[in-house]
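Engineer: Here is the input, now give the coordinates:
(2 chains)
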Amino acid sequence: MMMRTVIVVGTLLLGAGAVLAQQDAVKLAQDTMKANGRNMGTVLGPMVKGEKPYDQAAVDAALNQFDDTAKKLPTMFPASVKNAKWEGDFSPSPKIWDDKAGYDAKVASFAKVVSEAKAKVKDLDSLKANFPGIGRECGACHETYRLKKG
Amino acid sequence: MLRRIFLALVVAAAIGGGIFWWLTIPATTVANSLPAYTPDTANGLTTFNAGGCSSCHAVPGQPDRLKLGGGLPIPSPFGTFHSPNISPDPTDGIGRWTEAEFVSAVLEGTAPSGAHYFPAFPYASYGIARVEDVRDLFAYLKTLAPVPGKVRDHDVPFPFNIRRNVGIWKFLFMDGTPFRPDPARSAQWNRGAYLVNGFGHCAECHSPRNFLGGIVTAQRFAGGPNPEGEGWVPNITQKRLGEWSAKDIAFFLETGQTPEGDTAGGSMARVIRNTSQLSSEDRAAMAEYIKSLPPVEGPPRPTRAAKS
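Structural biologist: Below is the predicted model:
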C-alpha cells in the first residue's frame, strides 16, 4: 500500500512537473519574442525612422538580446510544447518539428545576420544598412514557422 | 392551352438565356484601339512590383522572384486555383501573346481564348489602371527569362467552374472604369490611391466578401476572414491603424516591421517582398492614402478558438 501511494504520488508529481516545464518553455519563448519585438519596434525602428537619436549603448543592448535569442532558438521549441496552450495571438507552427532542418537553417541564418550586425553597426548609417536584414530574418521565419490565430 | 403555356415558357427561357449570354460576353481590347506607343520597361518594373505579380506567379519554393513559371496553389471558398505561367515562354507562358491580349487579360480579365479569367486574378482592381502602365508591364515581362512548364488546371468544382458565369460576377462586382483622380487631394495622395486600389490590389484581401465572392463595398479595407482559409486579415482603415503614422505605414511597406516591432506574416510577407522594391516616394504615397482611410468597423471577428 505504502509503495503504491509512493508510485501514484510520484507519477502525479512527475506529471505536474512536466506541465510546469512545458509552461516555462512557453513563457520563455513568448517573453523572448516580445523582448525582440520591443527592441525592433521601440529601440532600433525609431532610430532608423529618425524619431529617436542614435544611441550606441541601446543598439548594443538590442543586438546582444538578439544574439541571446539566436542561441536559445535551436532549443526554444522542445517537442513538449507542441500541444501546449499558447495564450495570445500566435503559436508555433507544427512545421518547426516536421521540418526541423528547415527551421534550423532559418535559425542559423538569423544568427549569422545578427553577428554581422554586431560587428558592423557603429553609427546610424550602418544601422540603417543592417536593420532591414534583421527584420527580414524575423519575417522569413514567422512566415513559415509561426501561426496567427484566426 | 397547355401548348400555349409551354410555348410561353420556351420563349421566356430563350429571352433569359439571351440576356445571360449578352451579360456574360467577355470584354476584350482590340489591337487597333491601342495607339502607337514606346513602352518604358523601368515603369514596367514599377508596375510589376506594385502589382505583386511575383507573389503568385513566381515558381513557389525557390528564391528567384523573377522566375514566373507559376504553379502556386491559391485556396478559396470556390476551389483551389493554380496560378499560371506568365513567363515569356512561347508554349507555356505568354511568349506568343499580343500586346492587346495582355491588356485584355490585365484590365478586363479576359484570356486570349476569349474566356473569362476567374477573379482570383485581381483584375477587378487592375481594371482601374492606366493602359500605358499595362503596356510597360508587358514590355518588362518580355525581358525576363522564359520558364518552360505548363501549370495544372484549376481545381474548381461545379458550378463555379463554368467560366461564362464569371461574366455575371464581373457585371456585379467589377467597376472597370479607369482611375479618376480627386482634384481636391494632393498629387501624392492620388498616386497612393491609384497604387493601393489598382495594382496594389490591397482591398482584395483586406475586405470582407459576400457569398458570391464580391467585395462588400461599405467595408472596403476593413479586414475580414482570410479568403485563403486560415486566420483573419486585418482592418487597414483608421479603425485599427489609427496609432500608425503615415511614416509607420511606409516603413512597414519597406521593411515588414510594425511599430510594435512585429513582422508581417502570412501572405503579407510576400507582399512586402514586392513593396520593398518600390521607390520610397511610391511607398510614401500609398501610406498617405491608407492613412486617410476613414475608420470603418469590419465584420465581427469570431472569438478565438480555444485551441490548445
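Engineer: Now the residue of chain B found nearest chain A: phi and psi?
Structural biologist: Closest to chain A within chain B is B:G261: 2.5 Å, counting by Cβ to the nearest Cβ. In short, each C-beta sits where N, CA and C put it, glycine included. Per-residue torsions, B:G261: phi 90, psi 10 (degrees, to the nearest 10).
Engineer: One more: B:A187?
Structural biologist: Per-residue torsions, B:A187: phi -60, psi -40 (degrees, to the nearest 10).
Engineer: what does the one 3 residues further on give?
Structural biologist: Main-chain dihedrals, B:N190, degrees, to the nearest 10: phi -70, psi -40.
Engineer: Grab the nearest non-local neighbour of B:E101.
Structural biologist: Of all residues not flanking B:E101 in the chain, B:P112 sits nearest, at 4.3 Å (Cβ to Cβ, 6 or more residues apart in numbering or on different chains).
Engineer: Is that neighbour within a helix or a strand, and which one?
Structural biologist: According to DSSP states H and E, B:P112 maps onto no helix or strand at all.
Engineer: thought it was touching B:A100?
Structural biologist: No: distance between B:P112 and B:A100: 9.3 Å, which falls outside the contact criterion (Cβ atoms under 8 Å).
Engineer: the more surrounded of those two?
Structural biologist: The neighbour comparison of B:P112 against B:A100 (other Cβ atoms under 10 Å in any protein chain shown) goes to B:A100, with 18 against 15.
Engineer: ok, how many other residues are close to residue 89?
Structural biologist: Looking at chain A here, since you left the chain open. A:D89 has 14 neighbours, counted by other Cβ under 10 Å.
Engineer: The intended chain is chain B.
Structural biologist: Look at B:D89: counted by other Cβ under 10 Å, it has 19 neighbours.
Engineer: how about B:I74, phi and psi?
Structural biologist: Note on B:I74: its backbone torsions stand at phi -120, psi 100 [degrees, to the nearest 10].
Engineer: Just give the closest residue to it, not the sequence neighbours.
Structural biologist: Of all residues not flanking B:I74 in the chain, B:F81 sits nearest, at 4.4 Å (Cβ to Cβ, 6+ apart).
Engineer: Phi first, then psi, for the one you found.
Structural biologist: Backbone torsions of B:F81, given as degrees, to the nearest 10, read phi -100, psi 150.
Engineer: Equivalent analysis for A:K148, please.
Structural biologist: The phi/psi pair for A:K148 (degrees, to the nearest 10) is phi -100, psi 130.
Engineer: Over to A:C141?
Structural biologist: Torsion angles, degrees, to the nearest 10, at A:C141: phi -80, psi -40.
Engineer: same check, this time on B:R209
Structural biologist: When read as degrees, to the nearest 10, the backbone of B:R209 gives phi -120, psi 150.
Engineer: what about A:A108, how many residues close to it?
Structural biologist: Neighbours around A:A108, by other Cβ under 10 Å: 13.
Engineer: The helix or strand containing it - what's its average pLDDT?
Structural biologist: Of the helices and strands defined by DSSP H and E, A:A108 is found in helix A:100-120. Helix A:100-120 carries an average pLDDT of 96.
Engineer: ok, now stretch A:56-74?
Structural biologist: For stretch A:56-74, mean pLDDT rounds to 96.
Engineer: Contacts (any at all) between chain B and it?
Structural biologist: No: using Cβ under 8 Å from any Cβ of the partner chain, stretch A:56-74 stays clear of chain B, with a minimum separation of 10.0 Å.
Engineer: circling back to that earlier point, going by neighbour count, list what's buried in the helix holding A:A108.
Structural biologist: Residues A:103, A:106-107, A:109-111, A:113-114, A:117 are the ones in helix A:100-120 that count as buried (16 or more other Cβ atoms under 10 Å in any protein chain shown).
Engineer: Can you report how many residues lie near the nearest residue to B:P208 once chain neighbours are set aside?
Structural biologist: With Cβ to Cβ, 6+ apart as the criterion, B:P208 has its nearest non-adjacent residue at 3.3 Å, and that residue is B:G224. B:G224 has 21 neighbours, counted by other Cβ under 10 Å.
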